[in-house]
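Enquirer: structural data only, the sequence is not supplied:
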Ligand SMILES: CC(=O)SCCNC(=O)CCNC(=O)[C@H](O)C(C)(C)COP(=O)(O)OP(=O)(O)OC[C@H]1O[C@@H](n2cnc3c(N)ncnc32)[C@H](O)[C@@H]1OP(=O)(O)O
């Protein structure tokens, strides 16, 4: 790889259209006007980095400012996005230069202890210290093979509607559920508009997106965003139900929504790209074998400020451990850190005491959302136990009672 000498510059608001066209080329799609306009409202020019060769835009990387749900709360997190390098300038170190600049800026701003992203390819970001912090299931199945428990008389009401007309209800349910689900990002008005935008080009031949809402004794307590695609075979109807989000704050709402989604007349197949790894649906269907689950990566987390990040989340059990961390890219993180914490609070301070565990900063990203235990990384040979017994106490503390999940690609 040759190293680039082209300078990195900060973007301006007026660069947005050019960035959209540029990334369309990188990601092999045309600019879709409706989505492009919704994205303009969330674009933060001051957080976007650009590289030009003469007047040509040849690389970009940006970040959104949002809170991210973590075990026991939420932390400000740089949501890294809009990353691309022109095919004319690839493999010359442009991505590397942008990632280094971006992480340095995030670290020195001291507002966000972590950065988070969805990777287009899993092999791109580990070299910059990003760890695979949450996974998701791609679920598919033949709906005629699946039944849920019969409704109880007090199960509440379902109602179909247009998602944009029910944005306030969706936001209320989402915010209620989000407090206990690591990996979900805060959505303000602009973000809801972006999430709900539904241009024809994104429908894969299906209908517009619809919402089913569940009303329980305390009002709307669940929603499901979905679309269907009409298909027929010689044997009869064979339509597809594609689910985008099912969010419910009560088991009754969750069950009722899924019962409807799995039994829409004329549909026979289900596709759901972003289910949590502990998704309750698996515990509800009468024949789990008839659901196919494919495990895929979801959120990648980069711990940017080790003491601030480790103190910002909570731990499922009491922990008092010294971790020796290496971080070649942000050397301030390299050193020994004493983490003391539990379900209610946590502190992380530098120490000269002996280390109990040692790992690189990427491992901390993997552990950050509570989806993987230190012992799993030790078994993979990526984290070392320096004091016998340290893994046995650290592992239940780092994991969380709900698996991290992520259902919105930003
Ligand atoms: C958060 C997001 O936005 S994810 C979206 C990322 N963007 C895309 O996938 C769009 C299409 N791809 C691209 O634009 C580019 O190929 C990028 C951004 C992935 C890589 O940009 P480049 O400038 O070529 O990367 P750079 O030259 O800095 O490469 C650094 C190292 O990563 C490796 N690398 C970079 N991209 C890839 C890849 N896709 N697969 C495997 N290795 C890769 C390079 O080989 C190089 O390795 P080396 O140091 O051992 O030689």
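Expert: Great, that's in hand. If you're wondering where the values come from, they're calculated on a predicted model, not measured in any experiment.
Enquirer: quick check: closest non-adjacent residue to residue 145.
Expert: residue 290 (3.9 Å; C-beta to C-beta, 6 or more residues apart in numbering). C-beta coordinates here come from the backbone N, C-alpha and C atoms, glycine included.
Enquirer: show me the contacts for the one you found.
Expert: 141-142, 145-146 (C-beta atoms under 8 Å, 6 or more residues apart in numbering).
Enquirer: in strands, which of those residues appear?
Expert: When DSSP state E defines the strands, the subset of the contacts of residue 290 inside them is 141-142.
Enquirer: measure the residue nearest to residue 145 to residue 200 for me?
Expert: Residue 290 is 32 Å from residue 200, where distance means C-beta to C-beta, to the nearest Å.
Enquirer: please report the distance of residue 137 from the ligand.
Expert: 21 Å (C-beta to the nearest ligand atom, to the nearest Å).
Enquirer: for that residue, give me the pLDDT.
Expert: Residue 137 carries a pLDDT value of 97.
Enquirer: what residues of whichever strand or helix holds it count as buried?
Expert: Using DSSP states H and E, residue 137 sits in strand 135-142. Buried residues in strand 135-142, defined by neighbour count with 16 or more other C-beta atoms under 10 Å: 135-137, 139-141.
Enquirer: do stretch 361-377 as well
Expert: Residues of stretch 361-377 classed as buried: 361-377 (neighbour count, 16+ other C-beta under 10 Å).
Enquirer: how far does that stretch stretch from one end to the other?
Expert: Distance between the boundary residues of stretch 361-377 (C-alpha to C-alpha, to the nearest Å) amounts to 12 Å.
Enquirer: what average pLDDT does that stretch get?
Expert: The model assigns stretch 361-377 a mean pLDDT of 98.
Enquirer: isn't residue 309 right up against residue 112?
Expert: No - if you go by C-beta atoms under 8 Å, residue 309 and residue 112 don't touch, sitting 9.3 Å apart.
Enquirer: anything in contact with each of these two?
Expert: With C-beta under 8 Å, 6+ apart, residue 309 and residue 112 have common neighbours residue 75.
Enquirer: all strands for the stretch 151-300 of the chain, in order.
Expert: Remark: strands assigned in the stretch 151-300 of the chain by DSSP state E, counting those that start in this stretch are 157-161, 210-216, 219-229, 232-233, 236-237, 239-248, 267-275, 291-297, 299-303.
Enquirer: so which of the ones you listed is the most surrounded?
Expert: With neighbours taken as mean count of other C-beta atoms under 10 Å, those reach their highest mean count in strand 299-303, at a mean of 29.
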